[in-house]
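**Q** Build the 3D model from these lines:
(one chain, ligands or ions: 2)
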Amino acid sequence: MSKKAIITGITGQDGFYLSDLLLKQNIQVIGIKRRTSLINSTARIDSLINNNNFSVVQGDLSDSFFLNNLINQNKPDYIFNLAAMSHVKTSFDIPIHTGDINAIGTIRLLDAIRTNNLSNKTRFYQASTSEMFGNNSKKKLNEQSKLEPVSPYGASKLYAYNITKIYRQSYNIFACNGILFNHESPLRGETFVTRKIVRGAVSIVKNKSSFIELGNLNSVRDWGHAKDYCEAMIKIIMYKKPDDFVISSDKVFSVREFCKKVFNYLGLEIKFVGKGLNEVAIVTKSEKYPHLINKKIIKVNKKYFRPLDLNYLRGNSAKAKKILKWKPKINIDQLVSEMINYDLDLID
Ligand code: NAP
Ligand code: F7E
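**A** Ligands and ions are numbered 1, 2, ... in the order given. Below is the predicted model:
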């Protein structure tokens with residue numbers, strides 16, 4: 001009989017890539033989708049709907065009764081907890097909801113495993129995050145680095161990370177954490193910075209808009225591709241013992257550098273001038289789009305800054321490389337080109 005996985009957060013970016021990989025391994029996937037007033041919240045997973053091994057149930061991470069029943073009825077081999085209020089800036093606006101879903105939602109799942117006597121059967125993967133690390137002095141961060149989050153999102157995820165370890169140690173549940181650094185794809189939500197820049201740049205060359213407004217351009221991130229990182233999730237949950245792993249590309253770029261990569265790929269050279277809120281990016285050269293030369297195509301708007309931000313995040317995934325034999329296959333330039341080509345097709 002094929003193994004069975006429950007995935008929370010099935011409609012999200014990682015929900016698609018993870019489901020696709022599990023289905024290819026002949027693992028049955030049951031996804032949890034929350035109720036929305038429009039039906040198009042399943043856009044990312046519509047291509048999987050006809051697979052007989054794939055199904056979606058309606059539910060919410062705030063509902064202990066629902067989660068308990070679902071786990072009791074299905075007795076899954078694996079639970080991947082991907083559901084979250086995952087936007088860091090938004091977590092400052094709705095911190096209580098963020099804590100309820102990201103932190104308490106995780107214990108609802110773990111406790112359903114425990115109370116249904118599934119500790120020896122169900123393996124649990126928690127979507128932990130580099131946002132749990134504090135501001136650090138440009139160190140490469142690994143499983144031993146200190147965890148001092150600076151956002152309600154990071155704090156909620158630190159609770160979930162800790163409770164996952166506590167249930168592993170107390171009840172012998174196979175509960176593991178993937179501490180994933182930023183990972184992107186054409187399916188990334190439109191308000192995260194990479195997709196926002198790509199969509200904005202494509203809109204500019206298609207004459208749909210004239211500039212992009214961004215916040216902290218100095219911020220530095222370690223960006224990888226979601227498909228590679230979902231492969232790591234499977235390696236983590238299938239490893240012979242439960243453990244915690246940093247998953248990262250180990251390479252970093254600033255938001256400013258990411259902007260340059262995107263515009264260069266589209267055939268425009270840009271230059272940043274000015275300081276602080278007055279900084280702008282100007283097109284300096286373009287054979288393809290000469291009408292854009294000297295135009296300000298990026299501006300800074302203070303509404304996109306956070307009360308606190310993590311300015312530099314760089315991972316060290318040596319443990320995953322050594323123990324899981326995992327390494328990323330898609331580099332930043334391939335990621336950028338895939339994202340741009342997707343949005344070039346999408347935006348008329
Ligand atoms: P995402 O695209 O924002 O997806 C989040 C998913 O959670 C969506 O399916 C969302 O449903 C669902 N969700 C939110 N609140 C829910 C609730 N109350 N009940 C049930 N489902 C709910 O996030 P992602 O990029 O795929 O990331 C997956 C997980 O990894 C998240 O937990 C995120 O925090 C974590 N993570 C992400 C990254 C990254 O760089 N992508 C890095 C480290 C960790 P809707 O579609 O209805 O909104
Ligand atoms: O911001 C800066 C912003 O929102 C990256 C989530 O998946 O990864 C993600 O969180 C950086 C930040 O990702 C804008 O201030 C500048 O420093 O794309 P982001 P994030 O906050 O790193 C972690 C690992 C997760 O776990 C999260 O779930 O870019 N930035 N200007 C901007 N960010 C946004 N969103 N919008 C801007 O206009």
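
**Q** show me what contacts residue 314?
**A** The contact partners of residue 314, by C-beta atoms under 8 Å, 6 or more residues apart in numbering, come to 138, 139, 140, 141, 220, 222, 248, 250, 251, 252. Where you see a C-beta, it was placed from the backbone N, CA and C, and this is true even at glycine.

**Q** try it again with 7 Å
**A** 140, 141, 222, 250, 252 (C-beta atoms under 7 Å, 6 or more residues apart in numbering).

**Q** quick one, phi/psi of the second one?
**A** Geometry field for residue 141 lists phi and psi as phi -100, psi 130, criterion degrees, to the nearest 10.

**Q** Skip the chain neighbours and tell me the closest residue to it.
**A** residue 133 (5.1 Å; C-beta to C-beta, 6 or more residues apart in numbering).

**Q** mind checking how far the helix or strand where residue 227 lies is from the chain centre?
**A** Per DSSP states H and E, residue 227 falls inside helix 226-238. Averaging C-alpha positions (C-alpha atoms, centre = their mean, to the nearest Å) puts helix 226-238 13 Å from its chain's average.

**Q** Quick check: buried residues in that helix?
**A** 226, 227, 228, 229, 230, 231, 232, 233, 234, 235, 236, 237 (16 or more other C-beta atoms under 10 Å).

**Q** May I ask which helix or strand encompasses the closest residue to the second one other than its chain neighbours?
**A** Okay, so that is residue 227. Closest residue to residue 227 apart from its sequence neighbours, by C-beta to C-beta, 6+ apart: residue 17 at 4.9 Å. In this assignment (DSSP H and E), residue 17 forms part of helix 13-24.

**Q** outside of that helix, which residues touch it?
**A** Under C-beta under 7 Å, 6+ apart, the answer for helix 13-24 is 5, 7, 9-10, 29, 31, 44-45, 48, 51, 53-54, 80, 82, 185, 187-189, 226-227, 230-231, 233-234.

**Q** what's the answer for stretch 276-285, then?
**A** The contact list for stretch 276-285 (C-beta under 7 Å, 6+ apart) reads 217, 259, 268-274, 292-300, 302.

**Q** could you say which helix or strand contains residue 256?
**A** Here residue 256 is assigned to helix 255-266, by DSSP H and E.

**Q** Buried residues in that helix, which are they?
**A** 255, 256, 258, 259, 260, 261, 262, 263, 265, 266.

**Q** need the contact list for the third one.
**A** Think residue 258. Residue 258 touches 194, 197, counting by C-beta under 7 Å, 6+ apart.

**Q** what's the answer for the fifth one, then?
**A** Applying C-beta under 7 Å, 6+ apart, one finds that residue 260 lies in contact with residue 270.

**Q** doesn't residue 191 fall inside a helix?
**A** No. In this structure, residue 191 is coil, not part of a helix, as judged by DSSP: H, G, I helix; E, B strand; the rest coil.

**Q** Could you pull up phi and psi at it?
**A** phi -100, psi 0.

**Q** count of residues packed around it?
**A** A count of nearby residues for residue 191, using other C-beta atoms under 10 Å, gives 12.

**Q** how close does it get to residue 325?
**A** To residue 325, residue 191 is 35 Å away according to C-beta to C-beta, to the nearest Å.

**Q** quick revisit: in contact with the residue nearest to residue 141, which residues?
**A** 141, 145, 147, 313.

**Q** Mind checking what secondary structure residue 245 has?
**A** Criterion first, three-state DSSP; result for residue 245: strand.

**Q** Skipping adjacent residues, who's closest to residue 308 in space?
**A** residue 150 (4.2 Å).

**Q** right, I mislabeled it, should have said residue 95
**A** residue 152 (3.8 Å).

**Q** Output the longest helix belonging to this structure.
**A** Longest helix in the chain, counting residues (DSSP state H): helix 152-171.

**Q** who's in contact with that one?
**A** 88, 91-92, 95, 98-99, 102-103, 106-107, 110, 114, 119, 124, 126, 128-129, 131-132, 147, 149, 173, 175, 177, 242.

**Q** ok so, going back, among the contacts of helix 13-24, which are in strands?
**A** 5, 7, 29, 31, 54, 80 (DSSP state E).

**Q** Which positions in this protein make contact with ligand 2?
**A** Counting by C-beta under 6 Å from any ligand atom, the chain comes close to ligand 2 at 86, 88-89, 129-131, 181-182, 191-193, 196, 214-216, 219, 221, 255, 304, 306, 309.

**Q** list the contacts for the most centrally placed residue in the chain?
**A** What sits nearest the mean C-alpha location of the chain, by C-alpha atoms, centre = their mean, is residue 183, with 5.3 Å. The contact partners of residue 183, by C-beta under 7 Å, 6+ apart, come to 224, 225, 226, 229.

**Q** re the thing from before, the residue nearest to residue 308 against residue 131, yeah?
**A** No. Applying C-beta atoms under 7 Å, one finds residue 150 not in contact with residue 131, separated by 8.4 Å.

**Q** what about those two, which has more around it?
**A** Neighbour totals were compared for residue 150 and residue 131, and residue 131 leads with 24 against 19 (other C-beta under 10 Å).
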